[in-house]
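Colleague: Need a 3D model of the sequence below.
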Amino acid sequence: MKPQIKLATTQTPDGGEMGLYQHDQDFAIKVNGQQLMSSRQHESELALARLGCAHLAEREEPRVLIGGLGMGYTLRQTLEMLGVDGKVVVSELLPDVVEWNGTYLKELNGKSLKDERTEIKIGDINPLLAKSVNSFDAILLDIDNGPGAVTDSGNEQLYTRSGIKNCRRALREKGCLAIWSAEPSKEFEQLLMSCGFHVRRYKVPAYSGTQRNSRFVWVATENAKLLPPGGGEPRPAKKKKPQGNKFSHRRRAKRKEKR
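Modeller: You can find the predicted model right below:
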């Protein structure tokens with residue numbers, strides 16, 4: 001049995017270690033020993049692009065923002081869906097991850113970094129979103145493990161109300177926001193809806209051809225007609241009935257006694 005080989009490491013903003021590993025023909029990226037992604041489980045990264053860019057089939061000069069390069073699967077699928085006039089901006093926090101994609105992982109992602117339609121921006125995606133008003137037809141987020149399983153504390157801001165509102169402002173009219181997650185989150189669905197989005201939740205496979213170890217993708221948009229078919233539609237949170245104070249309860253009780 002072939003051993004797992006550590007090919008490269010880098011430091012995360014939290015001071016942790018991110019490493020690229022290879023076992024036979026498979027690659028994995030781990031943070032402090034916890035697996036973040038694997039080339040054996042990449043079907044959900046492809047689904048993120050398919051669902052988030054489904055509305056762009058007839059769009060002229062579409063512009064897409066991808067948050068998190070990973071192993072480049074989402075970038076590869078997005079480029080395959082866009083025409084020659086499309087543009088994909090990839091925001092990646094760690095320059096070493098970009099380097100790994102251009103060397104060790106280039107055969108996995110179809111050498112997408114060299115595509116003329118690809119633009120790489122190194123750094124935190126939050127400031128980029130904040131200044132990108134009405135800029136993108138689709139925003140695809142695959143940062144960390146999603147809103148409910150963050151391994152780096154610096155990524156939490158993206159999944160807050162202010163982060164989601166920045167995404168909404170960065171979208172063009174008839175744009176869609178798609179978010180990958182390792183696990184479901186009703187709380188996050190409520191947050192998306194409270195920010196003015198129509199939302200659908202899609203359960204997608206990690207492996208091709210099986211629902212084993214499923215992942216989740218949310219697609220959110222201001223125009224419900226743009227949502228891809230299928231998926232589950234979250235229900236808005238029920239409004240709590242106002243409760244009267246103790247004094248009003250006592251007063252009603254006295255009225256009943258008099259009757």
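Colleague: What strands line up against the longest strand seen in the chain, and which way round?
Modeller: Assignment by DSSP state E gives strand 171-181 as the longest strand of the chain. With DSSP bridges as the test, strand 171-181 is paired with strand 136-141 (parallel), strand 215-221 (antiparallel).
Colleague: Give me the contacts around the last one.
Modeller: Right, the one you point to is strand 215-221. Contacts with strand 215-221, where a contact means C-beta atoms under 8 Å, 6 or more residues apart in numbering, come from 44, 47-48, 51-52, 55, 146, 171, 174-184, 188-189, 192, 197-206, 227-228, 231. The way it works is simple: take the backbone N, C-alpha and C, and place the C-beta from them, glycine included.
Colleague: just to revisit the earlier point, which one of the strands paired with strand 171-181 lies closest to Gln34?
Modeller: With C-beta to C-beta, the closest approach to Gln34 among the strands paired with strand 171-181 belongs to strand 215-221: 16.0 Å.
Colleague: rewinding a little: redo the strands paired with strand 171-181 as TSV? Include mean pLDDT, mean neighbour count and distance to Ala8.
Modeller: Below are the strands paired with strand 171-181 laid out as TSV (pLDDT from 0 to 100; neighbours: other C-beta atoms under 10 Å; distance: least, C-beta to C-beta, whole Å):
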stretch	mean pLDDT	mean neighbour count	distance to Ala8
strand 136-141	98	27	25
strand 215-221	97	25	25
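Colleague: Tabulate those strands in JSON lines, adding columns for distance to Ile164.
Modeller: Formatted as JSON lines, the strands paired with strand 171-181 follow (distance: least, C-beta to C-beta, whole Å):
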{"stretch": "strand 136-141", "distance to Ile164": "10"}
{"stretch": "strand 215-221", "distance to Ile164": "8"}
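Colleague: Out of those, which is closest to Thr10?
Modeller: Of all the strands paired with strand 171-181, strand 136-141 comes closest under C-beta to C-beta, at 21.1 Å.
Colleague: Write the ChimeraX selection for whichever of the contacts of strand 215-221 are buried.
Modeller: Here is the ChimeraX selection string for the buried members of the contacts of strand 215-221, based on 16 or more other C-beta atoms under 10 Å:
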select :44,47,48,51,52,55,146,171,175,176,177,178,179,180,181,182,184,188,189,192,197,198,199,200,201,202,204,205,206,227,228,231
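Colleague: Now, the contacts of strand 215-221 that are in strands?
Modeller: Per DSSP E, strands hold the following members of the contacts of strand 215-221: 171, 174-181, 198-204.
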